[in-house]
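>>> how would this look folded up:
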Amino acid sequence: GRKSLHQKVVDELKHYYNGFHLLWIDTKVAARMVWRLLHGQVLTRRERRRLLRTCADLFRLVPFLVFVIVPFMEFLLPVFLKLFPEMLPSTFETESKKEEKQKKRLNAKLELAKFLQETIAEMAKRNKADTG
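Numbers count the residues shown, from 1 in each chain. Sure thing, here's the model as predicted:
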């Protein structure tokens with residue numbers, strides 16, 4: 001059924017609370033990684049990706065905070081997200097948005113694989129024709 005206005009507001013507040021909480025946890029972990037880097041330790045590939053994602057999220061948080069702080073500006077957030085889809089920090093993404101991104105990436109990979117297969121098939125035909 002349909003949700004009441006009160007339930008929608010509560011759901012949005014929970015979403016933002018969880019997003020900020022996850023960002024806080026990521027920031028603490030990233031700070032430990034930076035500390036390890038400063039003391040000469042090497043990060044794994046996974047740790048490096050997490051550190052880069054967290055830094056990018058912190059830089060994305062600055063324009064996002066404007067929408068949270070300025071009164072009634074949150075009504076413009078959907079418009080700006082439509083114009084700038086990567087503006088939202090990754091901890092604030094919904095599951096449907098994550099799935100949509102994964103589908104786009106998968107389609108791009110499939111198109112690339114299809115292109116490479118066609119290219120290899122064309123090269124094989126040429127080699128066959130050249131060798132006769």
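
>>> element containing the closest residue in space to residue 94 that isn't next to it in sequence?
Nearest residue to residue 94, sequence neighbours excluded (CB to CB, 6 or more residues apart in numbering): residue 15, at 7.5 Å. Heads up, the C-betas are built off the backbone N, CA and C, glycines and all. Assigned by DSSP states H and E, residue 15 belongs to helix 5-38.

>>> Buried residues, the helix or strand that that helix is followed by. List them.
The first helix or strand that comes after helix 5-38 along the chain, using DSSP H and E, is helix 45-69. Buried residues in helix 45-69, defined by neighbour count with 16 or more other CB atoms under 10 Å: 47, 50, 51, 54, 57, 60, 61, 64, 67.

>>> just the residues you listed now: which is nearest residue 22?
Nearest to residue 22 among these, counting by CB to CB, is residue 57 at 9.4 Å.

>>> so how far is residue 44 from the closest residue to the closest one other than its chain neighbours?
Using CB to CB, 6+ apart and skipping residues adjacent in sequence, the residue nearest residue 57 is residue 89, 3.9 Å away. According to CB to CB, to the nearest Å, residue 89 and residue 44 sit 23 Å apart.

>>> Noted, bye for now.
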